[in-house]
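Novice: got a predicted model here, sequence first, then my questions.
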Amino acid sequence: MLRVLMILVPLALSIYAFIDCITTEEKEIRYLPKPIWAILVLLFPLVGSISWLIVGRDRARTARRGNWVAPDDNPEFLNSLKGDKAKGDRLKDDRPKGDRLKDDSASKDDPANDAGGEQRREQQEQLARWEAELKRREEEVERREKGSGGGGKGSGGGGKGTDESPS
């Protein structure tokens, strides 16, 4: 078992040091150029790997560089959101209180008073046109089915108008 460890530990160390060497940015490498460090690690696995880990890489610079932080964990980003919210609240509250109350109640009743009221009204008109067109087509299909006497959509009935009998 000890013989296996005597082979595996230096091999693992060499592999780690070589991969670390080739993935390290050029500006973080000290004393020798990157290709020379890679050759040293490959030619002298134990000594080259240990020397790379101790003196080859500027670990302090890597630690100072900092890693990427998710927006919800980044204090600068969160502070900028607070600033944006406060700025929006100030702009909204610049109006006199009576005007704010009147505008807020009017905007709830009339969609045209909202910032996107014009667009919303156009969308509602388009929706009403689509509903009217759909209703017209359904009535037309229903009239055709009644007019054909139940044989319009297959012989077994199943159509909307074939199950209903005129009274």
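Specialist: In hand now; what should we look at?
Novice: list the buried residues for the longest helix that the chain contains?
Specialist: For the chain, the helix that runs over the most residues, judged by DSSP state H, is helix 117-147. Residues of helix 117-147 classed as buried by neighbour count (16 or more other C-beta atoms under 10 Å): 145-146. C-betas here are computed from N, CA, C, even on glycine.
Novice: could you do stretch 8-28 as well?
Specialist: 13-14, 17-18, 20-21, 24.
Novice: what sits against residue 24?
Specialist: Residue 24 makes contact with 34, 57 under the criterion C-beta atoms under 8 Å, 6 or more residues apart in numbering.
Novice: quick check: it vs residue 44, distance?
Specialist: Residue 24 sits at a distance of 18 Å from residue 44 (criterion: C-beta to C-beta, to the nearest Å).
Novice: kindly report the same for residue 77.
Specialist: Counting by C-beta to C-beta, the separation of residue 77 from residue 44 is 46 Å.
Novice: after whichever strand or helix holds residue 15, next one along is what?
Specialist: Residue 15 is part of helix 2-23, with elements assigned from DSSP states H and E. Of the helices and strands lying after helix 2-23 in sequence (DSSP H and E), the nearest is helix 34-43.
Novice: what does that following helix contact?
Specialist: In contact with helix 34-43 (C-beta under 8 Å, 6+ apart) are residues 14, 17-18, 21-22, 24, 26, 29, 32, 48-49, 51-52, 56.
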